[in-house]
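>>> Generate coordinates for the sequence data below:
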Amino acid sequence: MRVTYTVDKEDVLKEVRRLTHYVGSRKVGGDDSTFERISTTESDHEMLDQFWNAACSAATDQLKHFAMSVNNDKDGNESYEVVMEMPSQYDTTLNESIEDSLTNFFINLIASKWCKIADQEDEAKYAADALGYMADVDKKMYYRKRPTRGQ
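Numbers count the residues shown, from 1 in each chain. Just a heads-up that it's a prediction; the model follows:
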């Protein structure tokens with residue numbers, strides 16, 4: 001059975017901007033320079049693109065066991081799309097949840113890469129969250145429905 005998962009680049013980068021804006025504004029003892037250093041802006045677009053490509057590569061590496069084809073932003077597409085060949089016992093009710101976890105993986109991996117530069121104190125937290133979301137994707141992809149008897 002073929003299943004397609006899609007992660008929208010603009011949605012991910014919008015969430016990364018929102019997250020870094022929030023983190024920058026909430027730093028205890030921070031001043032305006034702390035906010036400006038942590039919060040992403042439009043001028044950071046090229047660097048965020050690089051982090052997006054790294055997240056695409058990491059996702060592809062994790063999904064390679066079932067992936068039939070992968071299409072990412074390198075050709076001007078604005079999304080990451082992977083077509084998977086799943087076993088017949090795969091539970092399709094998990095599709096939306098897997099796609100949400102995959103999106104959260106992208107958000108947190110990009111945030112961790114950004115924090116490596118701008119806010120090293122939070123880098124490990126976002127990296128751990130990204131790994132947790134990918135583990136969730138993996139667990140759901142390997143979950144199988146119980147077979148049912150024909151009537």
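>>> contacts, neighbours, all on C-alpha from now
Will do.
>>> where does the chain have low pLDDT?
Counting by pLDDT under 70, the chain contains low-confidence ranges at 28-32, 73-77, 151.
>>> ranges for the helices of it?
In the chain, the segments counted as helices under DSSP state H are 9-26, 32-38, 45-63, 95-118, 120-142.
>>> With respect to Ser88, which of these lies nearest?
The closest of the helices of the chain to Ser88 is helix 120-142. By Cα to Cα, the value is 11.6 Å.
>>> How about the closest one, which residues are buried there?
For helix 120-142, burial by neighbour count (16 or more other Cα atoms under 10 Å) applies to 123, 126-127, 129-130, 132-138, 140-141.
>>> can you check stretch 41-59 too?
48-49, 51-56, 59.
>>> and the two most separated of the buried residues of helix 120-142?
Within these, Glu123 and Met141 form the most distant pair, 27.3 Å apart (Cα to Cα).
>>> hang on, the earlier thing: output the buried residues of stretch 41-59 in CSV, with distance to Lys113 appended to each entry.
Listed next are the buried residues of stretch 41-59 as CSV, based on distance: Cα to Cα, whole Å:
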residue, distance to Lys113
Leu48, 9
Asp49, 11
Phe51, 7
Trp52, 10
Asn53, 12
Ala54, 9
Ala55, 10
Cys56, 13
Ala59, 15
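>>> quick check, nearest of the residues you listed to Ile110?
Phe51 (5.5 Å).
>>> Tell me how far the closest residue in space to the closest one that isn't next to it in sequence lies from Trp52.
Once flanking residues are discounted, Phe51 sits nearest to Ile110: 5.5 Å by Cα to Cα, 6 or more residues apart in numbering. Ile110 sits 7 Å away from Trp52, going by Cα to Cα, to the nearest Å.
>>> Quick check: the spatially most central residue of the chain vs Arg144, distance?
Nearest to the mean C-alpha position of the chain, by Cα atoms, centre = their mean, lies Phe106 at 1.6 Å. From Phe106 over to Arg144 the distance is 25 Å, taken as Cα to Cα.
>>> Counting neighbours, what do you get for the residue nearest to Phe51?
The number of residues packed near Ile110 is 27, by other Cα atoms under 10 Å.
>>> Equivalent analysis for Arg18, please.
Neighbours of Arg18 under the rule other Cα under 10 Å: 14.
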